[in-house]
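Novice: sequence and predicted model, in that order:
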Amino acid sequence: MLWTITKKQLLINVLSYRFVVGFVLCQVLFVLATLILVNDYEERLQAYGEAVSREEERIGQARVFSDLIREPLILHKPPAKLSPICTGFEKTLANEASLTYYKVPELEVGRQEKNALLAALRSIDLVTVIQLVLGLLVLLFAHDAVSGERERGTLALALSGPLPRHTFLLGQYLGGMITIAAIFLVGILLALFLMKRSPAVSLDHTDWVRLGLIVLISLVYLSALYLLGITASILSKRSTTSLVVLLFFWIVFIVIFPNLTSALAARLKPVPARGVVSERASLLRTEFWTRVHAEASRDLPRPEHNFDYIKDRRVYSGGLAYPMRIFYAPREIMEWELEGLKRFLPIEIQYADKIHAVHADYEQQLGAQARLARALARFSPAWSYYNTASSLAGTDAETQLAFLDRARRYRNQLMDYVSSKDGLLSYRFFSRREPRSFKSTPELDLLRGQGDRLEQEIGQGWESVPPLDLRDRPPFNHSTFRVRDSLLNALPDLVLLVFLNLAFFLAAHVCFLRTDVRVGG
Amino acid sequence: MSLDLLKKEILDHLLSLRLILAFVLIIVLLVASGVLFVMDYRAQVSDYNAQVNANLAILSKNLSDSIFQAFSWSRQNIYRRPNPLGFLSEGKEKDLPNAYRVSAFRLQGPDYSLRGNPLLGDFDALDWSFVVGIVLSFVAILLASDGVNGEKQNGTLRLVLSNPVPRARVLISKYLSTMILLTIPLAVGGLIGLLVISGSGLVPLNGQDWAKIGLALGVSVLYLSVFVLLGLLLSTILKESQASLIVSLLVWVTLVIVIPSGASLASKFWYSLPDEDAVVRRARHGMQEAFDNHDKRYPHKDNWIVSGQWSPGESLAKAIAIDQAQDRELFQYEDSKIRQVRLGQQLARTSPAGLFQSAVLSITGSGIHHYDNFTRQARRYRDELRKLIEENYPYDRVYPHFEVRDDISSLKVDYQVVPKFEEKLMTVREGWSKAIWDTGLLALLNLILFAATWALFLRYDAR
């Protein structure tokens, strides 16, 4: 009996106008959106590949340890494979983190794409199409599931037999959901087919698991909306009334709501302007330099020296013992520079932590604001759905922040590595020469008179030195995010969606039991 | 007679649930957008003032040192002004850079110093352009989509047409009644919103601003009219009112939600940015060339002394030439980014919603226009500072003067003489000249839709 009702509803739906229009529209949208999104993904993947190889090449050219840890080392995050399905925060949060011994990677804005100004435009992904367009279509199908039958008089007819009301309701639900699922699944299969055609997209088995879960969640979301639609349809006398009510629900809760929640969260938990934070950080930086200068000028005078004996010296400033790279210098200068390094570098690392504390505090406030916005967004099933999908696609804010955390840990690992190579507070930080071979200025004066002995002693310059072998440096682990973690992140939203399904089904059931099935009843 | 028709149409709608819901929703949204804007703008203005004052304090301190300290070795921070018409169209300004660091030689940035939170999702502000562009257009199509076939189903259309009224008049009164009903909540909500905004005393709206508001209102009406006509057209083509409602909703979602979002993504398809590394390489190459050319043309024994930033004793003309060569490349690159965004907006103009948003954005000079405006003025300001140095440099500009560098290093300029950066917002005329095409296209679309509806309605079988 259930199957008969389901089949009846299915036929009614499939033969209707809305099915034809909705089906065609959805497929066209899925195909066009996927084409654009896959192209976008390919471009981002290419940019990522170029950036990584550029960085590798740069590190491969390191001659001293300061090249590794004083020049910004940039870690890149590969674009999430499922980002065409759900873009989430993939483009609004930075996809790279730069670190040095004096700078901890921070949460940045506006570097996510080659063109940060694209933030001025709206963007779309497949989950948005499902959330908005399919969400609308579901309501269009559901609004007359009961009230339409009542208007046509078929409801009284169907229930005049020995058919239990709950079977009828279940049949209506299944018939509608199968129609919707057909439209959705054909669309997502088309999208996947197009994605697979691109050589850039390679999905492994966890990606397929994630994808499967996203499809499942999408069905749960659509089902919640369908049940809501049926409830409204039972409660209203005329199908036009239920349609109007549902359409207003759609525009308020699905379209307007997220804009409202982020505006509200920004008022309820305000954050300081980014400029204020960078100002505070730059004050600390100034404080650091004041301290360095005070300690340098107090008791670290530069020894007398002859510029002819110094080659390729790169330092913070001429009078300060704070070297970056020195190819050749007399022993006194080298010793003076090392002494400065030993004094100042620990202070600079200490200030890096202080500056990070300022940023971390700011980041914490941003996080609290975002959490509030997310909690408020749960009032709308559409945003519970979107958040779950972006968790599963690995494009939610948590995954992006986890990348930043890993980058911060990597900075510590890298510093430990450099320390273990004795490259931090030693000559190896800025020079490749052995301390035993250093010669003092008088010794060099002696060499000067002996033909090209001095030139031989000083050497050719950095080009003649082979790069450091850094192959044993700790590797940066890109992806540690697991399906389980994503599910845990999404759990509250997930539970809410399932709960909504049950609640709406129960509501529909209770209302339907008490409803008057006669025409105009 | 036609007044009676109009009255009947309005009364028909007035009793409907959708109109009541729409009225409440739109008025609440417009008022809320006004209130939210006032709160937001207050924070923006206080941040802006604090940052500008901090910058001026540093400038005045640097000026008391030397022109080198003020204009070459350190940078001023300059900021984009908060947009007093942000409530009309915010244009995602929160997510766009709003600051530059500028010396007389270089323009660095752009930087972000606003309160935007990257951890919040990427959503439009709740501004006028959102409320009209999305919510009101939705209501418009909802109201109009059963205008013709609904009456046929009720049988009232035959009744009306059996009277001696021209069909055109029936159609026009349907159109006008819907437009009137749409304008009421727009006017009421907009007015309360404006009262909140101007009552706060925070946003002094001048004549220019009122003109912009008026223009935006005009464009809004044109835009809504497109959807009313579209609804009527579909309701004339399709027999059942249910069918026309559903089809018009799906058309609406495509035009208003999907196309504007998808089109902006597609802009990367059509226009890719030049390779950044190549740009940087070319810029470096240009600098080197300018450097060598200068030394070749004006040989001097001290030409080899270079600090990287114009410092006492170094040639002024050379420093300028080098930075100009660099700017040529970098500015072009920055401009290409703006062009890519503009292209995205242009692609979105395949939909009336895109036309509308683009027109309001131009009229209010918000979003990418505001950023562009700010960038241009920042570049001009850099040139002004350069001119100021040239005017106040008493030595020959072409050659180095190492022998007198101690004298040069104490050169100073009075704080009063130094131009201060303050962004001038776009004028009505500038904005309108950009919006005129969009408005024209919207008007044309109206005409076409009206003609089509008319033609179909004249031959309409009312039975």
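Specialist: Yes, it's here. Numbers count the residues shown, from 1 in each chain, chains lettered A, B, ... in the order given.
Novice: now do the contacts for B:E276.
Specialist: For B:E276, the contacting residues are A:114, B:333, by CB atoms under 8 Å, 6 or more residues apart in numbering or on different chains. Just so you know, the C-beta spots here come from the backbone N, C-alpha and C atoms, and that holds for glycine as well.
Novice: can you give me the pLDDT of the closest residue to chain B within chain A?
Specialist: Distances between chain A and chain B by CB to the nearest CB are smallest at A:G275, namely 2.7 Å. pLDDT, A:G275: 86.
Novice: how many residues are close by it?
Specialist: 22 (other CB atoms under 10 Å in any protein chain shown).
Novice: does it count as helix, strand or coil?
Specialist: Per DSSP: H, G, I helix; E, B strand; the rest coil, the secondary structure class of A:G275 is helix.
Novice: and the closest residue to it other than its chain neighbours, how far from B:W73?
Specialist: Leaving aside its chain neighbours, A:G275 sits nearest to B:S113 (2.7 Å; criterion: CB to CB, 6 or more residues apart in numbering or on different chains). Here the criterion is CB to CB, to the nearest Å. By it, B:S113 lies 22 Å from B:W73.
Novice: who's more crowded, the two?
Specialist: Between B:S113 and B:W73, counted using other CB under 10 Å, B:S113 has the larger neighbour count: 22 against 16.
Novice: quick one: contacts for that one?
Specialist: A:273-276, A:278, B:47, B:51, B:77, B:79, B:98-99.
Novice: quick one on the thing from earlier: the residue of chain A closest to chain B contacts B:G109, correct?
Specialist: No - judged on CB atoms under 8 Å, A:G275 makes no contact with B:G109 at a distance of 12.0 Å.
Novice: what are the buried residues along stretch B:103-112?
Specialist: For stretch B:103-112, the neighbour count (16 or more other CB atoms under 10 Å in any protein chain shown) marks B:103-107, B:109-112 as buried.
Novice: pLDDT of that stretch, averaged?
Specialist: Per-residue pLDDT over stretch B:103-112 has a mean of 90.
Novice: neighbouring contacts of it?
Specialist: A:109-110, A:274-275, A:278, B:71-77, B:97-102, B:309-310, B:319-320, B:323, B:326-327, B:334, B:371, B:375, B:378-379, B:382, B:385-386, B:388-389.
Novice: and it, how far out from the chain's middle?
Specialist: Computed by CA atoms, centre = their mean, to the nearest Å, the separation of stretch B:103-112 from the middle of its chain amounts to 22 Å.
Novice: would you mind extracting the C-alpha trace of it into CSV?
Specialist: This file holds the C-alpha atoms of stretch B:103-112, laid out as CSV (Å, rounded to 0.1, in the frame of the first residue of the first chain):
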residue,chain,number,x,y,z
SER,B,103,56.5,58.1,1.1
ALA,B,104,57.4,60.7,-1.5
PHE,B,105,59.0,57.9,-3.5
ARG,B,106,57.0,54.7,-2.9
LEU,B,107,53.5,53.5,-2.4
GLN,B,108,53.4,50.3,-0.5
GLY,B,109,50.5,48.1,0.3
PRO,B,110,47.6,47.9,0.0
ASP,B,111,47.0,47.0,3.7
TYR,B,112,44.0,46.0,5.8
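Novice: which of the residues in stretch B:233-243 are buried?
Specialist: Those would be B:233-238, B:241-243, for stretch B:233-243 by 16+ other CB under 10 Å.
Novice: can you check stretch A:338-357 too?
Specialist: In stretch A:338-357, counting by 16+ other CB under 10 Å, buried: A:338, A:340-341, A:343-345, A:348, A:351-352, A:355-356.
Novice: likewise stretch B:195-215?
Specialist: B:196-198, B:203, B:208-209, B:211-213, B:215.
Novice: tell me where the chain has strands.
Specialist: Answering for chain A, as no chain was given. For chain A, the strands defined by DSSP state E occupy A:73-76, A:96-99, A:311-315, A:323-328.
Novice: try again with chain B
Specialist: Under DSSP E, chain B gives strands at B:76-79, B:99-102, B:107-111.
Novice: what's near enough to touch whichever residue of the stretch 201-350 of chain B sits closest to chain A?
Specialist: Ranked by CB to the nearest CB, the top residue of the stretch 201-350 of chain B for proximity to chain A is B:S264, at 3.2 Å. B:S264 makes contact with A:118, A:121-123, B:344-345, B:347-348 under the criterion CB under 8 Å, 6+ apart.
Novice: just checking, A:P78 touches A:A51?
Specialist: No - in this structure A:P78 lies outside contact range of A:A51 using CB under 8 Å: 10.1 Å.
Novice: would you quantify the distance from the closest residue to B:I389 other than its chain neighbours to B:Y333?
Specialist: In space, and not counting its chain neighbours, B:I389 is closest to B:A104: 5.1 Å by CB to CB, 6+ apart. Between B:A104 and B:Y333 the distance, using CB to CB, works out to 22 Å.
Novice: what does the stretch 201-350 of chain A put close to chain B?
Specialist: A:239, A:241, A:243-245, A:247-248, A:251-252, A:255-256, A:258-260, A:262-263, A:265-267, A:270-276, A:278-279 (CB under 8 Å from any CB of the partner chain).
Novice: how about 6 Å then?
Specialist: Counting by CB under 6 Å from any CB of the partner chain, the stretch 201-350 of chain A comes close to chain B at A:244, A:248, A:251, A:258-259, A:262-263, A:267, A:271, A:273-275.
Novice: whichever of those residues end up buried, select them in ChimeraX.
Specialist: Selection of the buried residues among those in ChimeraX, burial being defined by 16+ other CB under 10 Å:
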select /A:244,248,251,258,259,262,263,271,273,274,275
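Novice: could I get the residues of the stretch 201-350 of chain A next to chain B as TSV with distance to A:V517?
Specialist: Compiled in TSV, these are given as follows (distance: CB to CB, whole Å):
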residue	distance to A:V517
A:V244	22
A:F248	26
A:I251	31
A:P258	39
A:N259	41
A:S262	44
A:A263	45
A:R267	48
A:V271	55
A:A273	61
A:R274	61
A:G275	65
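Novice: of the residues of the stretch 201-350 of chain A next to chain B, which belong to helices?
Specialist: Counting by DSSP state H, those place A:244, A:248, A:258-259, A:262-263, A:267, A:274-275 in helices.
Novice: residue ranges with poor pLDDT in the chain?
Specialist: The chain I'm using is chain A. Scanning chain A with the threshold set as pLDDT under 70 gives A:110-112, A:318, A:479-481, A:520-521.
Novice: sorry, should have said chain B
Specialist: Short version for chain B, where the test is pLDDT under 70: B:1-2.
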